[in-house]
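> Sequence first, then the predicted structure:
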Amino acid sequence: MKTLLLFVSGLLILMPSAVQSADEAIPAVNKGDTVESVVQTLGKPQGVVSGGRRTTYYYEQGTVDFVTGRVERAFLISKDEARARTAKRELELRNHRQQVEAERKRVTEAGGAELARTLNDKAFAARPSAERLAYWTEFAKRFPYTDITAQLARTAEAGQAEQKDRDREAELVAMNKRVGEIQERFTQLDADYAASLANWKRTEIDTERAKLKDELATIATRVRTLTSAQ
């Protein structure tokens with residue numbers, strides 16, 4: 001009798017670890033079950049993915065794979081374990097969001113401080129626009145939460161103005177060179193005209209002189225336009 005009591009006591013001690021409550025039990029989904037049976041057991045899936053003959057139902061407790069409408073395999077956990085995993089994911093997500101927000105705040109504060117220093121730097125303001133534009137472009141990458149739209153726009157505008165000045169100077173230099181070439185050509189034409197006794201040659205020289213005079217007039221007009229725009 002004593003031995004029997006000890007045996008029964010042993011069974012009572014083992015039973016809680018061997019039997020799960022209804023809430024803790026892993027859902028009974030077996031190979032070959034129909035879609036309707038699974039939905040009746042687990043409810044409507046949170047998501048469905050289909051590919052070829054296979055369809056996968058996604059639940060909080062895991063996944064169920066169907067082939068031609070029948071369960072092929074199921075990877076499921078108990079509701080308690082699913083809730084624990086969900087709680088863990090939510091905690092990790094909250095921590096991640098807090099880290100992201102903290103980093104955003106740090107970068108925002110650093111960007112504001114850097115912006116203030118740069119705007120008060122007279123040496124920076126004296127740099128060529130191309131250098132300043134490169135700096136602001138890099139600044140935008142380093143401090144994406146700091147608004148420098150105005151700085152970028154002003155620097156780009158200044159760069160365009162400086163480029164126009166360079167283009168104007170280059171054009172003036174080219175036109176001055178061309179004027180020198182025309183004057184040299186006039187000298188040569190005058191010599192050719194004096195040396196030539198043929199009327200057709202002198203007519204040809206006069207025609208070229210007229211074209212060169214027109215070109216000089218066009219250059220003079222363009223020079224006035226460029227210099228007045230300075």
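Looks like it arrived, so ask away.

> Just name whatever secondary elements the lengthiest helix in the chain is in contact with.
Longest helix in the chain by number of residues (criterion: DSSP state H): helix 149-195. Applying 3 or more C-beta pairs under 8 Å, 6 or more residues apart in numbering; DSSP states H and E, we find helix 149-195 packed against helix 129-142, helix 199-228. Glycine gets a C-beta too; all of them are placed from N, C-alpha and C.

> what residues are up against A25?
If you count contacts by C-beta atoms under 8 Å, 6 or more residues apart in numbering, A25 has them with S78.

> Give the pairing partners of the helix or strand where T55 lies; include direction for each.
Using DSSP states H and E, the element containing T55 is strand 54-59. If you go by DSSP bridges, strand 54-59 pairs up with strand 47-51 (antiparallel), strand 62-67 (antiparallel).

> list the contacts for F75?
So F75 contacts 62-64 (C-beta under 8 Å, 6+ apart).

> 6 Å instead, please
The neighbourhood of F75, defined by C-beta atoms under 6 Å, 6 or more residues apart in numbering, consists of 62-63.

> Next: F143.
By C-beta under 6 Å, 6+ apart, F143 lies in contact with 107, 111.

> do you know how far it is from G111?
F143 sits 3 Å away from G111, going by C-beta to C-beta, to the nearest Å.

> do R70 as well
58 Å.

> Between the two, which has more neighbouring residues?
Taking other C-beta atoms under 10 Å, R70 and G111 do not tie; G111 has more neighbours (19 against 14).

> Model confidence score at that one, please.
We have a pLDDT of 97 for G111.

> just to revisit the earlier point, what comes into contact with the strand holding T55?
Residues from elsewhere that reach strand 54-59 (C-beta under 6 Å, 6+ apart): 42, 45-49, 63-67.

> One more pass at 7 Å, please.
Here strand 54-59 makes contact (C-beta atoms under 7 Å, 6 or more residues apart in numbering) with 38, 42, 45-49, 63-67.

> The protein - how does it break down into domains?
What the record gives for the chain is the domain set 22-77, 83-147, 161-228, from automatic domain parsing.

> Any idea how far apart the tips of the second one sit?
With C-alpha to C-alpha, to the nearest Å as the measure, the ends of domain 83-147 fall 43 Å from one another.

> how far is it from where the chain is centred?
Relative to its chain's centre, domain 83-147 lies at 15 Å (C-alpha atoms, centre = their mean, to the nearest Å).

> now the first one
For domain 22-77, the separation from the chain centroid amounts to 40 Å (computed by C-alpha atoms, centre = their mean).

> any idea of the mean pLDDT in that domain?
On average, domain 22-77 scores 92.

> most packed of the domains of the chain?
The highest mean neighbour count among the domains of the chain, using mean count of other C-beta atoms under 10 Å, belongs to domain 22-77: a mean of 14.

> Would you format the helices and strands packed on helix 149-195 as TSV with distance to A174 and mean pLDDT included?
Listed next are these as TSV, based on distance: least, C-beta to C-beta, whole Å; pLDDT from 0 to 100:
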stretch	distance to A174	mean pLDDT
helix 129-142	23	95
helix 199-228	10	93
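
> Columns distance to F186 on top of those helices, output as TSV?
Output for the helices and strands packed on helix 149-195, formatted as TSV (distance: least, C-beta to C-beta, whole Å):
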stretch	distance to F186
helix 129-142	42
helix 199-228	7
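
> Which among those is found nearest to M175?
Nearest to M175 among the helices and strands packed on helix 149-195 is helix 199-228; the distance by C-beta to C-beta comes to 5.0 Å.
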